[in-house]
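Enquirer: This is a predicted model, with the sequence first.
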Amino acid sequence: MTERILTYAEAIREAIGQAMETDENVFMLGEDIGIYGGAFGVSGDLYQRFGKDRILDTPISELGIVGAAVGAALVGMKPIVEIQFSDFTAQAMDQIVNQAAKIHFMLGGELSVPLVLRAPSGSGTGAAAQHSQSLEAWFAHVPGLKVVMPSSPYEAKGLLLAALDDPNPVIFLEHKLLYKTSGHVPEEQYRIPLGTSNLVRAGKDLTVVASGVMVSRSLEAADSLKDSGVEIEVIDIRSLSPFDMGPINESILKTGKVMLVQEAPKHGGFMAEVAAQISEGPALFSLTEPIRRLCGMDVPIPYAPQLEKSVVPQLGDIIANALEVHRGS
Amino acid sequence: MTSINPLLAPDTGSISQHEPSASAALESLLSIRYFEEAVDGLFARGLMHGTMHLSIGQEAVATGVCAALLKTDFITSTHRGHGHCIAKGADLTRMMAELLAKQTGYCRGRGGSMHIADVETGNLGANGIVAGGIPIAAGAALAQKMKGKDNVVVSFFGDGATNEGAFHEAMNLAAIWDLPVIFVCENNKYGMSGSTEFSMKIDQISERAGSYGFPGVTVDGNDVDAVFEATKTAVERAREGKGPTLIECMTYRHKGHSKSDKNLYRTKEEIEGWKAQDPIGRFEQKILEQGTLIQEQIDAIAEKARDSVRSAITEASEAPDSDPAELLSSVYREAK
Ligand SMILES: Cc1ncc(C[n+]2csc(CCOP(=O)(O)OP(=O)(O)O)c2C)c(N)n1
Ligand SMILES: [Mg+2]
């Protein structure tokens, strides 16, 4: 049987299309998602297929867009918001943090806000400091939000369909560098449960924990390290909230060594949470080396290509750090 | 050092007597045009990276506005900011160096096209966030007022930006505090793919000033003189402490929104129609008809502008690449 290959962008579009076919309450709103097809081409032909009343092109008004989605969700709709770059969630932060995240709890549990907010995250495109951030830790710090970071086309479709089933606000952070990457994606609807970490590659020597584009980069590192006889186990933490430590603890119990790879700046990043949970859990005393965090530098993302590369972990950095941890140096 | 503004507007003194010379205005228009055509070319040849928002077709706004400002006045700019930067007097070589990711660039290669600032000429920075600069302009104007200075601040932004909350909050603050700020909306009919007919229910963006209690005017943004006159009036009002003005300049971008635009949301006919209203062609025709300059003089100015863009590319290309080693120490300014 030949594999069905889609790009990450196509997989997301397919999930949205299928959800819209299945549930008339699902609709999408955002800037330039209509005839333009979305800043990163994700909405594509959805506008032609579903029309302007369900693929709602909006003015440049992020706070208004997210607020409108919250309101619609409260009374029975299932909005999918596209924010053009995850950096612009900053404009909408009141509606995300003070409204969407709180309403179910704060108002006593009768109401809920089933919406999915999709946004492209991360660096690597030369778009500089205001268009390249990795802000997942902001959202993961807010009880009431769920936070998902798909690392491949397959993951993107399954996680998005699961996010759409969820009765809570889900922040769905896509990585810009992944949109054009491709992989196997089944045509039928399938769901990847939120709140699960995923063992993507087995290995006995070192546990590597990553998310987003760092997953594929870590897998590349694993391939090249295999030739040097080092076997890396790679775990994709695709759901930051809720978060699943299970596979991480299990893996460390086996390997005794762990490296946490994150694109976002180190200080206060999500991997600090992972490190803390490792140290609170059953695997702490099986560690034979200190936990290694390989993260973005604590600087805004610069424009120049050589600068941009230097502030975010690259393949070479992952390999070098993995070898260091493995050798115990 | 190639910069246009000293020719366009005086460094100090009063602007009210000042009439920018036609040759200075033309040189500004052409420098912006050639600079952007050059970066478009460099991008196409893979010599420039990132993305790029070109203001080709909109040069009369930057030129007309900055001709009515003193060097000590401030501007805040946008993602489509090369023109503002050049008209306010920035050095083309340092701009080009920034776009080419060089250490000698205005932002040492950290900012790129979307983030050029030039303290020397009062450019407080281009901005990658739509409407991000508008409240900042109000704040800079507030500081002028608090310090008893008579500098004014111009905030450039697009039609699309006026649908952001930041625009409305800044307008209201400027109004209640009578701030010396001039809001210059470059209405090029589109915010990315969204036309103004789609994104708002009013006919003219200048109407929005009325609801905050200060004047709003709409001018032909492809007519340098019209833009200059409207700005001059607004600047005088601001310097007299009478508060802000919103100037809506009707114009058009010839190129796509950015490098990834397939132009699906507008017709070829519309683009061609606006190209026939090109601000530079119109200005040249006008000064020829009025006898202000003769064709040979225009050609000479064009050659000069071409030369300065060429030498900017040459000089910038020879500069060292930006330096990763200094990044970590650059996030915070050191306390004195
Ligand atoms: C807060 C925010 N939202 C969205 C964007 C993406 N974006 C960049 S420019 C642009 C269009 C801006 O339109 P307008 O204000 O009319 O300026 P123009 O591009 O026409 O010069 C959009 C949507 C952004 N940079 N910042
Ligand atoms: Mg516009």
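Expert: In hand now; what should we look at? Numbers count the residues shown, from 1 in each chain, chains lettered A, B, ... in the order given. Ligands and ions are numbered 1, 2, ... in the order given.
Enquirer: Local confidence estimate at the residue nearest the centre of chain A?
Expert: For chain A, A:Met149 is the residue whose C-alpha lies nearest the centre (C-alpha atoms, centre = their mean; 1.3 Å). For A:Met149, the pLDDT comes out at 98.
Enquirer: would you list every one of the strands in the chain?
Expert: Looking at chain A here, since you left the chain open. A:5-7, A:26-31, A:55-58, A:78-82, A:116-121, A:146-148, A:170-175, A:182-184, A:198-201, A:206-210, A:232-236, A:239-241, A:258-265, A:292-296 (DSSP state E).
Enquirer: could you do chain B instead?
Expert: For chain B, the strands defined by DSSP E cover B:74-76, B:153-158, B:181-187, B:190-191, B:194-195, B:216-220, B:245-250.
Enquirer: Pull up the gap between the residue in the stretch 151-300 of chain B that ligand 1 sits nearest to and B:Ala67, please.
Expert: Residue nearest to ligand 1 within the stretch 151-300 of chain B: B:Gly158 (2.2 Å; C-beta to the nearest ligand atom). Using the backbone N, CA and C atoms, a C-beta is placed for each residue, glycine as well. From B:Gly158 over to B:Ala67 the distance is 21 Å, taken as C-beta to C-beta, to the nearest Å.
Enquirer: who touches the residue of the stretch 101-250 of chain B found nearest ligand 2 in this structure?
Expert: Closest approach of the stretch 101-250 of chain B to ligand 2 (C-beta to the ion) occurs at B:Gly158, with a separation of 3.5 Å. By C-beta atoms under 8 Å, 6 or more residues apart in numbering or on different chains, the contact list for B:Gly158 reads B:Thr78, B:Arg80, B:Val130, B:Cys185, B:Glu186, B:Asn187, B:Asn188, B:Gly191.
Enquirer: again, 6 Å this time
Expert: Neighbouring residues of B:Gly158 by C-beta atoms under 6 Å, 6 or more residues apart in numbering or on different chains: B:Glu186, B:Gly191.
Enquirer: hmm, back to that, looking at the strands of chain A, which is nearest to B:Ala305?
Expert: With respect to B:Ala305, and counting by C-beta to C-beta, the nearest of these is strand A:26-31 at 35.7 Å.
Enquirer: residues near the closest residue to ligand 2 within chain A, how many?
Expert: Chain A approaches ligand 2 most closely through A:Ile60 (9.3 Å), counting by C-beta to the ion. The number of residues packed near A:Ile60 is 25, by other C-beta atoms under 10 Å in any protein chain shown.
Enquirer: where do the helices sit along chain B?
Expert: Taking DSSP state H, the helices of chain B run over residues B:5-8, B:22-44, B:59-66, B:82-87, B:92-99, B:133-146, B:165-176, B:196-199, B:207-210, B:224-239, B:268-275, B:279-290, B:295-318.
Enquirer: close to ligand 1, is the fourth one?
Expert: No: between helix B:82-87 and ligand 1, judged by C-beta under 6 Å from any ligand atom, nothing touches; the nearest distance is 10.4 Å.
Enquirer: I figured A:Gly36 hits B:Ser195, correct?
Expert: No Gly there; residue A:36 is Tyr. No: in this structure A:Tyr36 lies outside contact range of B:Ser195 using C-beta atoms under 6 Å: 11.5 Å.
Enquirer: Counting neighbours, go ahead and name the busier of the two.
Expert: Using other C-beta under 10 Å as the criterion, A:Tyr36 and B:Ser195 rank with A:Tyr36 on top: 22 against 15.
Enquirer: List the residues that contact the more buried one.
Expert: Contacts of A:Tyr36 (C-beta under 6 Å, 6+ apart): B:Ser193.
Enquirer: What separation do you get for it and A:Lys180?
Expert: 17 Å.
Enquirer: Chain neighbours aside, what residue packs nearest to residue 61?
Expert: Just going to use chain A. Among residues not flanking A:Ser61 along the chain, B:Asn163 sits closest, at 4.9 Å (C-beta to C-beta, 6 or more residues apart in numbering or on different chains).
Enquirer: Let me rephrase: I mean chain B.
Expert: The nearest residue in space to B:Val61 (C-beta to C-beta, 6+ apart) is B:Cys249, at 4.6 Å.
Enquirer: what's the closest residue to ligand 2 within the stretch 1-150 of chain B sitting at in phi/psi?
Expert: Using C-beta to the ion, B:Arg80 is the residue of the stretch 1-150 of chain B that sits closest to ligand 2, at 8.0 Å. For B:Arg80, the backbone dihedrals (degrees, to the nearest 10) come out as phi -100, psi 60.
Enquirer: Low-confidence ranges, the stretch 1-150 of chain A, go.
Expert: Residue ranges of the stretch 1-150 of chain A with pLDDT under 70: A:1.
Enquirer: that older thread, bridging residues for the residue nearest to B:Val61?
Expert: Beta-bridge partners for B:Cys249, by DSSP bridges, are B:Glu186, B:Val219.
Enquirer: Now the residue in the stretch 201-336 of chain B that chain A sits nearest to: closest residue in space that isn't a chain neighbour?
Expert: Residue nearest to chain A within the stretch 201-336 of chain B (C-beta to the nearest C-beta): B:Pro324, separated by 3.9 Å. Nearest in space to B:Pro324, with sequence neighbours left out and distances taken as C-beta to C-beta, 6+ apart, is A:Ser310 at 3.9 Å.
Enquirer: right, and the one you found touches B:Asp323 too?
Expert: No: using C-beta under 6 Å, A:Ser310 makes no contact with B:Asp323, being 9.7 Å away.
Enquirer: what's the distance between the residue of the stretch 151-300 of chain B closest to ligand 1 and B:Lys189?
Expert: In terms of C-beta to C-beta, B:Gly158 sits 10 Å off from B:Lys189.
Enquirer: What about residue 217, how many residues nearby?
Expert: Going with chain A. 24.
Enquirer: that's the wrong chain, I wanted chain B
Expert: 16.
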